[in-house]
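[1] Turn this into a model:
(one chain, ligands or ions: 1)
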Amino acid sequence: MKPVGLVKGPAESPHEFRFITPDNTRLKVGEFVYYNFNGRKVLCRVSKRLPLRQYPDIYLSNPSVEPERILRVIGVSTREFDLYEMRATILGYYDRQLGFINPRIPPKPGMPVYLAEREIIESALLKKRAGEVGSIHLGYLLNREEDIPVVIDTSLTVSEHLAILAGTGSGKSYLAGVIVEELLKPYNRASVLVFDPHGEYHTLREVEGLEEFRDGDYSPRVRIYGREDIKLRLSELDYDELVNLLPNLTDKMEAMLSRIYRELSEQGHFTVDDLIARLEELREREETTANGLIWRVRRYLRDMDLIDDYRHMDLKNLLRPGQASILQLTEMSDMEQELLVSALMKRILKARINAEKGSDGEKLEYPVFVIIEEAHRFASRDSRSFDVLRTILSEGRKFGVGVCLISQRPSKIDSDILSQCMTQVVMRMVNPADQDNVRKSVESIGREMIEELPGLTKGQAVVSGVAINTPVLIRVRKRLTSHGGASKNAPEEWIRWSEKGEERARVVERKARLFWDDE
Ligand SMILES: Nc1ncnc2c1ncn2[C@@H]1O[C@H](COP(=O)(O)OP(=O)(O)OP(=O)(O)O)[C@@H](O)[C@H]1O
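    Numbers count the residues shown, from 1 in each chain. Modelled structure (predicted):
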C-alpha cells in the first residue's frame, strides 16, 4: 500500500497531528487515514486541508496569464504549490470490547500515512455489516469512488431514538424511505409507524412486489391509512385533550366539563350524545355554562372526522412485525394532527408498558419504531403532543418504543427531546440558528463535522451517535422504491398542462366545426 502523506509533526492538541500530501492524492476533510504504531493501524480522521504555499498575488494579477506560465518562465517547479498540509484527528486502533484506543503518542515526523482500506473501515467504524441481522444500510462513504457501505445498528438506532435533521429539500424524507426499506428487509422485519403530514410515504408500498424483500414465507406489508381510516375514540381522550378541542372555555365551563368527564370516564365508554345528555341535565342549574358547552360540543366534536364514538385504530393491525403503516395526515388541521400524535403515542406506550409488566388492558407484545415527519411541530414546547413525546423520548427505550424525529427546523424542537435522540443523521444545513442547536444538542457530531454541513449537497449526510463507532460522512444509497416526495419540476408541468390545454381546445374547436358543418 502506497502512503498518501508523511507526518509533519503534532498539532496544537495531543489528539491531532499534521501531515503533508501532494494534491493528486485528493484527500478530503472527513476521509479516514491511518499510521502504524506497534504493529497496529491507528485510525485517524482528516479534519482540515490547507494549501501549504499559495501563489504570490502578483502572479495572479493578470487574469489572462496562467500563473503556471510565470513559474515556467522563472524556472520554479509547480509541485511546491501542489502540496497540502492536512490535519488529522486520532481516533485510535479499534478493540471490539473497549472501542477506539488512542495510543496518546502522536506519530513521529516523517512517518508514512496511509488511506484506510475498506476492511479497516468496516471493522473499526461499523457495528454491523450490510445485510447482517439487525443492520440498516444507509449508503456509502462519501469521499470514495469505490462503494464502501455505511451501516448502522438497528437495535441501537430504534431503541435509543434517531434524529434526521437538515434544511428543506436536502433529502430527509428520501433517507427516511431508505431506512423504512431497510427495516422491512428480511433481516429486520420491523414494526414501523409513520406520521406522514405531506403524503410522501405511500410509494413504499412498492416493497410488497420486490424480490429483495422476500425470504421464504416472509414478505413485508405496507398499509396506508387515509383520513377515513384514522380515528380516535372519544372516550379514550384525556381530559386535557378533550379541553383542547373546545375553544374559549370559561373557568366555569372547564369546571363543569371536568366534573362530567370524570363521571363519564368512570363508567368506561361514552359517546358525544352521552356528553350532551349529561350537560342537558345540568341546564336547569347552570343554564349559561351548560348551553355554552353544548354548543361547543355540537359544533366542534360532532363535526370532527378524527373523533368517533366507537371506532378507533386497532393497535394490533396498525403495528405488526414486517409491516409499515403510513398515517396520511394531509387533510387534517394542525390541531387534529397534534391531537392524533398525542393520543396515539400515549396508547402505544401504554400498550407496551402493559405487555412488559403483564398488566391488564391493551397490549403490544413487540417493540415498535415510530417516524415523525415535521417533528418541530409535534416536539416543540407549545405543541399538544409535547408531553407524551418528552416522556417517550426519555423512557420509551425501557419499553421498546423507538422514535425517529425528522425536521428542517431543529432549533424549534425542544432541546431536551432532541438530545435524547442518540443517533443522528444531519444533512445540508445553512441556517446558523439550526447549526447552533445541532451543535448544542448533538454532542457526538463534533466541531469539524458541523463545519462541513453547509457544503453538503442533496443526499449527503453526517451520521453520528450510538449506532456507529465514529461520525462518518455518507452519500445515501439509492431507494429501491420510488420517492413519494420528489420535488416538482414546474416548467415541465406547465408545458405538459399547456399542451393538454391546447389539445382540449383543439377538440372543442373540432366539435364546433362539426356542429357548424352539420348546419
Ligand atoms: N440520496 C438521493 N438520491 C437521489 N435523489 C435524492 C436523494 N435525496 C433526495 N433526492 C431528491 O431530492 C429531492 C428532495 O428530497 P426530499 O424530498 O427527501 O427532501 P426533504 O429534505 O425531505 O425536503 P422537505 O424538507 O421539503 O420535505 C427529491 O426530488 C428527491 O428525489
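[2] tell me the phi and psi of whichever residue of the stretch 101-250 of the chain sits closest to the ligand?
    Using Cβ to the nearest ligand atom, the closest approach of the stretch 101-250 of the chain to the ligand is made by G171 at 2.8 Å. Just so you know, the C-beta spots here come from the backbone N, C-alpha and C atoms, and that holds for glycine as well. For G171, the backbone dihedrals (degrees, to the nearest 10) come out as phi 110, psi 30.
[3] and what of V150?
    Phi and psi for V150, reported as degrees, to the nearest 10, are phi -110, psi 120.
[4] ok, now T423?
    Per degrees, to the nearest 10, the backbone of T423 is at phi -120, psi 140.
[5] for the residue in the stretch 301-450 of the chain positioned nearest to the ligand, what are its contacts?
    Scanning the stretch 301-450 of the chain for the residue nearest the ligand gives Q408, at 4.5 Å (criterion: Cβ to the nearest ligand atom). Residues near Q408 by Cβ atoms under 8 Å, 6 or more residues apart in numbering: L165, A166, G167, T168, S170, K172, H376.
[6] let's see it at 7 Å
    Counting by Cβ atoms under 7 Å, 6 or more residues apart in numbering, Q408 makes contact with A166, G167, T168.
[7] The closest residue to the residue of the stretch 101-250 of the chain closest to the ligand other than its chain neighbours: what's it in contact with?
    In space, not counting the residues next to it along the chain, G171 is nearest to G459; the distance is 4.5 Å by Cβ to Cβ, 6 or more residues apart in numbering. Each residue near G459 by Cβ under 7 Å, 6+ apart is listed here: G171, Y174, R475, V476.
[8] CA atoms only for the helix or strand containing the second one, dumped as CSV, please.
    This points to Y174. Using DSSP states H and E, Y174 falls within helix 172-184. Taking C-alpha atoms only, helix 172-184 is exported to CSV below (Å, rounded to 0.1, in the frame of the first residue of the first chain):
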residue,chain,number,x,y,z
LYS,A,172,-34.6,13.9,4.6
SER,A,173,-37.7,12.0,3.6
TYR,A,174,-35.7,10.2,0.8
LEU,A,175,-33.4,8.9,3.5
ALA,A,176,-36.3,8.1,5.8
GLY,A,177,-37.7,6.0,3.0
VAL,A,178,-34.3,4.2,2.7
ILE,A,179,-34.5,3.5,6.5
VAL,A,180,-38.0,2.1,6.2
GLU,A,181,-37.0,-0.1,3.3
GLU,A,182,-34.1,-1.5,5.4
LEU,A,183,-36.4,-2.0,8.4
LEU,A,184,-38.7,-4.1,6.2
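[9] Make residue 1 into 11 and carry on from there
    Will do, 11 is the new start, and the previous item becomes helix 182-194.
[10] Not counting it itself, show me its contacts.
    Contacting residues not belonging to helix 182-194 are listed as 146-148, 174, 176, 198, 200, 202, 204, 210-211, 214, 217, 223, 230, 332, 334, 379, 381, 383, 414, 416, 435, 437, 469, 471, 486-487, 489-491, 493, 495 [Cβ under 7 Å, 6+ apart].
[11] model confidence over that helix, on average?
    Taken as a whole, helix 182-194 has a mean pLDDT of 97.
[12] Mind telling me what element the closest residue to R224 other than its chain neighbours is part of?
    Excluding its sequence neighbours, the residue lying closest to R224 (Cβ to Cβ, 6+ apart) is P196, at 7.2 Å. Using DSSP H and E, P196 maps to neither a helix nor a strand.
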